[in-house]
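> need the 3D shape of this:
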Amino acid sequence: MKFAVLVFPGSNCDIDCYKAVEDTIGQPVDFVWHTATDLSAYDCILVPGGFSYGDYLRCGAIAQFTSVMGEVRKAAEAGKYVLGICNGFQVLTEAGLLPGALLRNSNLKFRCHPALLEVVNNETPFTNQYAKGEIVDIPIAHGEGNYYCDEKTLAELEANNQVVFRYKAGTNPNGSVNDIAGICNENGNVVGMMPHPERAVDQLLGSEDGKRMFTSILNAWRGKHGAAVNG
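Below is the predicted model of the structure:
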C-alpha cells in the first residue's frame with residue numbers, strides 16, 4: 001500500500017504523518033508537493049496539519065485551488081482513502097470534499113493539549129480497529145477547530161452515520177456543533193478530523209491511541225484487495 005503526504009507552503013505536520021506511516025505500518029510513503037498533477041500511484045492521501053499558505057483569507061481557502069487538490073478529488077471519487085488532519089480537515093471542507101466549515105474556536109484561543117474523543121463510527125476504513133463508543137486520547141492543536149454546519153447538513157451527517165469522532169461529553173475544546181471532532185463523506189473513504197492521530201502513535205508521546213487509525217487504513221486496503229490481514 002502506498003501513501004502520499006501532501007505538502008503545501010506552511011504545512012508543518014507533514015513529517016509527523018510521514019513518520020507515523022513509516023513507523024507504525026511500514027508502508028511506502030512519499031512527500032508530494034502541492035504542484036503535483038498525478039496521484040494515481042497512491043492508495044491513501046494524507047492532507048496534514050499546519051498553516052497552508054499562512055492561513056490567509058481563511059484556513060485552507062487558498063490550498064483548495066492547487067493542482068494537487070484536483071487530483072485529490074479524482075482519488076476520492078475513485079474510492080481511494082483520503083485523511084485530512086487539522087489544517088487538512090479545513091482544506092477538505094474548503095475544497096468541497098467534506099461538508100461544513102471550521103470556525104475560530106469559541107474562546108478565540110489556540111488550544112494545544114490532549115483531548116478525549118468518542119469513536120462514533122468504527123465502520124470507516126480509518127476506524128475499523130476501534131470499538132464503537134470507545135474513548136481515545138488524541139491531542140489537538142488548533143485555533144480554528146470549531147466545526148459548523150447548518151441544521152439540514154447536521155441532520156444528514158447524523159442520519160448517515162458520518163460523524164466519526166466526538167469530543168467526550170463535557171470536554172468540547174472549541175465549541176464545535178454536537179461536539180463533532182471528525183466526519184466522513186457519504187462513502188466513508190474521506191475523513192477529516194481536528195485532533196492529530198499522527199501525534200499519538202507511541203506511548204512516549206503520551207498516547208498511542210492514534211496508531212490504530214493507520215493500522216485501520218492498512219487493514220481496510222488489504223481487505224479490499226484480498227491480501228492477508230495481519231494488522
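> C-alpha only now, for contacts and for neighbours.
Noted.
> residue boundaries of the helices in the protein?
14-24, 67-77, 87-94, 151-159, 211-224 (DSSP state H).
> give me the contacts around the first one.
The contact list for helix 14-24 (Cα atoms under 8 Å, 6 or more residues apart in numbering) reads 3, 5-7, 27-31, 46, 48-49, 198-199, 201, 211, 214-215.
> could you rerun that using 6 Å?
Residues from elsewhere that reach helix 14-24 (Cα atoms under 6 Å, 6 or more residues apart in numbering): 48, 198.
> list the buried ones in it?
Within helix 14-24, the residues that count as buried by 16 or more other Cα atoms under 10 Å are 14, 16-21, 24.
> returning to what we had before: export the helices of the chain as TSV, with columns for mean pLDDT and distance to residue 126.
TSV is the format used below for the helices of the chain (pLDDT from 0 to 100; distance: least, Cα to Cα, whole Å):
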stretch	mean pLDDT	distance to residue 126
helix 14-24	97	13
helix 67-77	97	14
helix 87-94	98	14
helix 151-159	98	17
helix 211-224	96	5
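> out of those, deepest packed?
helix 87-94 (a mean of 28; mean count of other Cα atoms under 10 Å).
> roughly how far is that one from the heart of the chain?
Chain-centre distance of helix 87-94: 9 Å, with Cα atoms, centre = their mean, to the nearest Å.
> one more: stretch 114-126?
Using Cα atoms, centre = their mean, the offset of stretch 114-126 from its chain centre is 11 Å.
> could you pull out the strands for the protein?
Taking DSSP state E as the test, the strands found in the chain are 3-7, 29-33, 44-47, 81-85, 101-103, 111-113, 116-119, 135-137, 140-142, 146-148, 163-167, 180-184, 190-193.
> can you show me the CA trace of the first one as CSV?
Right, strand 3-7. Only the C-alpha atoms of strand 3-7 are listed here, as CSV (Å, rounded to 0.1, in the frame of the first residue of the first chain):
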residue,chain,number,x,y,z
PHE,A,3,0.8,6.6,0.9
ALA,A,4,1.1,10.2,-0.2
VAL,A,5,1.7,13.1,2.3
LEU,A,6,0.8,16.4,0.7
VAL,A,7,3.0,19.4,1.3
